[in-house]
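> Give me coordinates for this.
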Amino acid sequence: MKRILIILSMIIFTVLSCSKVTDSAKTGSLLTINLGPEPKTMDPTLNSINVVSSYILHAFEGLTRIDSNNNVKSGMAESWNISEDGLTYTFHIRKDAKWSDGKPLTANDFEYSWKRAVDPNTAAEYSYMMEIVKNAKEINSGDMYYNDLAVDAIDDYTFEVRLPNPASYFLEFIASTVVFMPVRKDIIERYGDKWTLSPDTYICNGPYKMKERITDEKIVFDINTNYYSGKEQLVNEITFLLMSDPNTAIAGVRGGNIHFSALEPPAAEIETLKNKGYIIANNSIGTYYIELNITNKAFEDKRVRQALALAIDRNYLVENVTKGGQIPAGAFVPTEVRGLKSTFRKENKEYIDINDYENNVKKAKELMAEAGYPNGQNYPVIELKVSPGIYVLVGEALQQMWKENLNVNVSLVQEEFPITLQSLTEKDYQMARMGWTGDYNDPMTMLDVMISYGGINHSGFNNKEYDDNLLIAKQSADNKIRMQAMAKAENILMEEMPIIPLYYRADLFMKNPKLQGVVLNPLGRHKFNYSYMND
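You can find the predicted model right below:
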């Protein structure tokens, strides 16, 4: 999701392999999938939720794409040329590229869409991800006009992109990051924000198109007959059920009504589900954390924020609450992210010693006293927003730890995540359970979340030294310099503690044992195009 100078190896996909079956057994499937509740938006430019990207990538395709064999393939661009200095990409749009209503897709659609993403009137939360393109940073800073983005439709079938720095991961990045997907100017200008709500107006260019949409119930996709490579898709129709109750999902998977659910199963059910073949694990690049509104009086003092972070028994959380193979987090960048020679985490310290809980609590009490709240005296009741399911249990555990260790009282508010997200955007909150899954395998995919002007930083954290270190990492071609700068940035983040890391992400999904061919990936962009029921 961000603009960096790295060499990124292929995104590692996990494909649920299958035994050999005939082609006739594979094709014609109708699948029912549950990834979460009603999305805030299905607009590729405006979306900021990883799980919603999975919906969008079934309906939209960028210049490049990732196929089922873990390869970057030509997408809407059938070929491209890269200049010797690595700064200019010239994409050749395929002549048979069409929108789902049959109209031709052209380079002009990409120019419009990418410039729309950085137009301040669009207010795209992911506009900062466009900063891999020349002039995008200056546009986001208000120093240039959005039309100055360094992309040009040379003609209907030639699209030129100029980068400020070489980025050899660029083709992979634009394949799976939905802000780079094309959208139709005439549709958006005619229907505004409502264009995503109806099959008649949700004009797309990917392998599937919207067949039906019922708010808070389901989104149904079927084959887009105008897609240039429709024969690759094994599933004729995908119904995405919109719900967030894991118990309902379990019942649906067991009963055969739901083929796959990305909802975290309740900890008490995991072993039983595993034994019956309903669980599949997936390695992820991500971290769950508590985001603090540091503009709120309760969290203005960083000593309070540090105390709250230290007073958490993370080993207890993963062993007794989540029980899903998660790793306790003593920092923000997760364990799987690459560093200079090994992993970033091995090469840099954990800022919270997860194995010294007793001393952590002692230090937390000292910090609260220094901040003027000895034994929690005169500290207000604070509110923590959590999503349904396992996060309620996590919230209850935190509530108990903060009460027992610091005498701090916490009020839990359970609500659907889109509602929480709106509160975060408006800074109408104190604390909220958050999670971030990366978009590529580099520390920047995590650290860029907290840049001062980023649309995903809801905390009020604004630190020039932090931003400057990320800028050094983005502009340097020397990976050693990059890693050193990002290590300094993470150190600042953990010192200021606008977020409290809980555990590094590991996913357990529920699926029908007969479901084969699902493509999972550590970035959360799961694909069901190639799935089938192995009867």
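> residue contacts, the most centrally placed residue in the chain?
In the chain, the residue lying closest to the centroid (C-alpha atoms, centre = their mean) is Asn50, at 3.3 Å. Contacts for Asn50 (C-beta atoms under 8 Å, 6 or more residues apart in numbering) come out as 437, 523-525. From N, CA and C alone the C-beta is placed, and that goes for glycine too.
> let's see it at 10 Å
Counting by C-beta atoms under 10 Å, 6 or more residues apart in numbering, Asn50 touches 1, 35-36, 178, 284, 286, 435-439, 523-526.
> What of Asn463?
By C-beta under 10 Å, 6+ apart, the contact set of Asn463 is 450-452, 469, 489, 492-493, 495-496, 498.
> Output those residues as CSV; include the columns distance to Ile66.
Conversion of the contacts of Asn463 to CSV gives the following (distance: C-beta to C-beta, whole Å):
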residue, distance to Ile66
Met450, 27
Ile451, 26
Ser452, 31
Asn469, 31
Ala489, 29
Ile492, 34
Leu493, 30
Glu495, 37
Glu496, 36
Pro498, 33
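> Quickly name whichever of those residues is closest to Gln516.
Nearest to Gln516 out of those is Met450 (C-beta to C-beta; 39.3 Å).
> Who are the contact partners of the residue lying closest to that closest one once chain neighbours are set aside?
Leaving aside its chain neighbours, Met450 sits nearest to Asn457 (5.1 Å; criterion: C-beta to C-beta, 6 or more residues apart in numbering). By C-beta under 10 Å, 6+ apart, the residues touching Asn457 are 125, 128, 291, 424, 448-451, 498-499.
> Just these: which are in helices?
Secondary structure defined by DSSP state H assigns Leu424 of the contacts of Asn457 to helices.
> Relative to Val118, which of the contacts of Asn457 is nearest.
When those are compared for distance to Val118 (C-beta to C-beta), Tyr128 wins out at 9.1 Å.
> and that closest one, how many neighbours?
Counted with other C-beta atoms under 10 Å, residues neighbouring Tyr128 total 25.
> And the pLDDT for the closest residue to it other than its chain neighbours?
Leaving aside its chain neighbours, Tyr128 sits nearest to Gly454 (5.1 Å; criterion: C-beta to C-beta, 6+ apart). In the prediction, the pLDDT value recorded for Gly454 is 83.
> Look up how far Leu470 lies from Gly454.
According to C-beta to C-beta, to the nearest Å, Gly454 stands 10 Å off from Leu470.
> Look at these two and report which has more neighbours.
Leu470 (26 against 21).
> And the more buried one, which helix or strand is it part of?
If you go by DSSP states H and E, Leu470 is part of helix 464-475.
> So which residues of the stretch 201-350 of the chain form helices?
Along the stretch 201-350 of the chain, the segments classed as helices by DSSP state H, counting those that start in this stretch run 246-255, 270-275, 302-310, 314-316, 344-347.
> Figure out which of the ones you listed is closest to Ala107.
Ala107 lies closest to helix 344-347 among the helices of the stretch 201-350 of the chain, at 37.4 Å (C-beta to C-beta).
> And the closest one, what does it pack against?
For helix 344-347, the contact count by 3 or more C-beta pairs under 10 Å, 6 or more residues apart in numbering; DSSP states H and E identifies helix 479-496 as packing neighbours.
> quick check: mean pLDDT across the helix it packs on?
The model assigns helix 479-496 a mean pLDDT of 96.
> can you give me the angle it makes with helix 464-475?
160 degrees (axes from the mean of the first three to the mean of the last three C-alpha atoms, to 10 degrees).
> Name the residues of helix 479-496 that are buried.
Neighbour counts over helix 479-496 (16 or more other C-beta atoms under 10 Å) mark 479, 482-494, 496 as buried.
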